[in-house]
Each structure stands twice: as C-alpha cells, then as structure tokens.
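K.L.:
I would like the atomic coordinates for the input below:
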Amino acid sequence: MKAIVIGIMPQDKIRERVLAIARGDIKPKPNDPKVWFTSMKSLAEVLSDDNRALLKTISETKPTSISALAETTGRKASNLSRTLKTMSRYGIVDLKREKNQVRPVAKATEFKIIAA
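P.N.:
Just a heads-up that it's a prediction; the model follows:
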C-alpha cells in the first residue's frame with residue numbers, strides 16, 4: 001500500500017492553488033500532496049493514534065461491514081461510522097456500498113506530511 005502525501009496550508013492558499021491549477025498556471029507534480037488540511041491540529045484530529053490504529057485494523061482484517069469492524073475493535077458502530085465518514089471526506093478511507101452494507105477500505109496506513 002502506497003503512502004498518501006498530505007499537505008498543510010491555510011484555506012486561502014489551498015483555494016489559490018486549486019484555482020491556479022484549474023487555470024493551467026500550475027501543473028501538479030506526481031509527488032505533490034493529494035490531501036490537504038488547513039492546520040496541524042485538524043490533521044492530528046483525523047490521524048490520531050486511535051484512527052491510525054483503526055486504519056491498520058481495516059487493512060489487516062478487511063472487514064465486510066462497519067458492524068464487523070465494530071465487533072473487531074470493540075467500538076460502537078455509530079462512532080465508527082462518523083470517524084470513517086470524516087476519513088472518507090479526506091480520501092483516506094473508501095466506503096464501498098455492497099448490498100445493504102458499507103465496507104470500509106483503508107487507502108493507506110502510511111502518510112508523508114508536507115507543511116507549507
């Protein structure tokens with residue numbers, strides 16, 4: 001599994017970068033961050049020790065649903081669901097719909113952080 005490159009930059013600078021890319025002024029390099037956070041604090045909340053352990057558990061056990069993951073981790077399904085949705089918004093986890101269940105898939109367990 002490849003490491004995800006994460007960038008930290010103020011919201012207005014992220015917006016400027018996205019607009020510059022859309023205009024064609026900047027061409028992103030392959031090793032540029034794909035995921036952006038506005039502060040180290042917000043990054044620390046999403047990639048806390050508990051959440052990194054959760055990603056490792058998902059990667060190793062490959063649960064078939066959030067309920068199965070809840071049984072494995074001992075956490076409540078509602079709590080897991082909220083955490084996984086947040087990670088999904090940042091592109092760290094995929095939530096695959098299968099029949100009547102949602103299967104979490106970790107996209108990475110390693111991260112490279114670049115602070116601008």
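K.L.:
Can you pull up the most central residue in this structure?
P.N.:
The residue lying closest to the centre of the chain (Cα atoms, centre = their mean) is Ile92, at 2.1 Å.
K.L.:
list the contacts for that residue?
P.N.:
Ile4, Val35, Val46, Leu47, Leu55, Ala106, Lys107, Ala108 (Cβ atoms under 8 Å, 6 or more residues apart in numbering). Where C-beta positions appear, they are placed from N, C-alpha and C, glycine not excepted.
K.L.:
Of these, just say which sits nearest to Asp12.
P.N.:
For the contacts of Ile92, the closest approach to Asp12 (Cβ to Cβ) belongs to Val35, at 17.9 Å.
K.L.:
Tell me if I'm right that the closest one and Tyr90 touch.
P.N.:
Yes. If you go by Cβ atoms under 8 Å, Val35 and Tyr90 touch, sitting 5.3 Å apart.
K.L.:
pLDDT weak spots in this structure?
P.N.:
Applying pLDDT under 70 to the chain flags no residue at all.
K.L.:
who's sitting farthest from the centroid in it?
P.N.:
Asp25 (27.4 Å).
K.L.:
Helices of the protein, residue ranges please.
P.N.:
In the chain, the helices defined using DSSP state H lie at 11-23, 40-46, 49-61, 66-73, 77-89.
K.L.:
and the fourth one, what other elements does it pack with?
P.N.:
Think helix 66-73. Helix 66-73 sits against helix 49-61, helix 77-89, strand 101-106, with contacts defined as 3 or more Cβ pairs under 8 Å, 6 or more residues apart in numbering; DSSP states H and E.
K.L.:
Could you take these and lay them out as a markdown table, with extra columns for mean neighbour count and distance to Val18?
P.N.:
Shown next, in a markdown table, are the helices and strands packed on helix 66-73 (neighbours: other Cβ atoms under 10 Å; distance: least, Cβ to Cβ, whole Å):
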| stretch | mean neighbour count | distance to Val18 |
| --- | --- | --- |
| helix 49-61 | 15 | 26 |
| helix 77-89 | 15 | 16 |
| strand 101-106 | 18 | 26 |
